[in-house]
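**Student:** Sequence first, then the predicted structure, then my questions.
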Amino acid sequence: QVQLVESGGGLVQAGGSLRLSCAASGRTFSGYAIGWFRQAPGKERESVAAISWTSGSSTYYVGSVKGRFTISRDNAKNTVYLQMNSLKPEDTAVYYCAARTGSSYSTTPADYAYWGQGTQVTVSS
């Protein structure tokens with residue numbers, strides 16, 4: 001079983017940047033695809049970005065963050081990052097990382113067995 005811990009959230013002005021980290025403990029990220037999700041008050045959990053385990057690490061981004069967010073992984077450090085640039089107030093949410101066994105990512109929350117506790121991102125206008 002893998003435990004996930006997110007960090008890096010906070011309060012930032014519109015146009016600013018944050019880098020979220022998702023660190024694994026308990027076992028390595030080996031063989032796990034990782035997804036970043038977010039949930040704003042009153043809204044459903046949304047897939048933001050995801051990265052596969054396979055060599056070359058294929059990635060996914062929801063349309064609203066393409067060109068602004070970058071997901072990456074450092075398998076040696078058992079850490080996945082979400083670099084968020086040009087942040088907008090509508091990016092405000094609790095951000096979660098999640099892991100699923102298998103090399104391919106998914107955009108469906110139910111496909112992920114392991115979740116972190118979440119980190120709050122607040123973007124002021």
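**Tutor:** Perfect, I can see it now.
**Student:** For the rest of this, base every contact and every neighbour count on C-alpha atoms.
**Tutor:** OK.
**Student:** Strands of this structure, start to end?
**Tutor:** In chain order, the chain shows strands spanning 3-7, 10-13, 18-25, 32-39, 46-51, 59-61, 69-74, 79-84, 93-101, 114-115, 119-124, with DSSP state E as the criterion.
**Student:** ok, how many other residues are close to the nearest residue to residue 61 once chain neighbours are set aside?
**Tutor:** Counting by Cα to Cα, 6 or more residues apart in numbering, residue 61 lies nearest to residue 49, which is 4.4 Å off, once chain neighbours are set aside. Number of residues near residue 49 (other Cα atoms under 10 Å) recorded here: 26.
**Student:** contacting residues for the residue nearest the centre of the chain?
**Tutor:** Per Cα atoms, centre = their mean, the C-alpha nearest to the average position across the chain is that of residue 36, at 2.4 Å. For residue 36, the contacting residues are 47-50, 82, 95-98, by Cα atoms under 8 Å, 6 or more residues apart in numbering.
**Student:** quick one: which of these is nearest residue 57?
**Tutor:** residue 50 (9.5 Å; Cα to Cα).
**Student:** What residues are bridge-paired with that closest one?
**Tutor:** residue 35, residue 60 (DSSP bridges).
**Student:** residues near it, how many?
**Tutor:** 28.
**Student:** which one of the strands of the chain lies closest to residue 107?
**Tutor:** Closest among the strands of the chain, using Cα to Cα: strand 46-51, at 5.4 Å.
**Student:** where in the chain is pLDDT low?
**Tutor:** Along the chain, segments meeting pLDDT under 70 span 55.
**Student:** one more time with 90
**Tutor:** 1-2, 25-31, 53-57, 74-77, 102-103 (pLDDT under 90).
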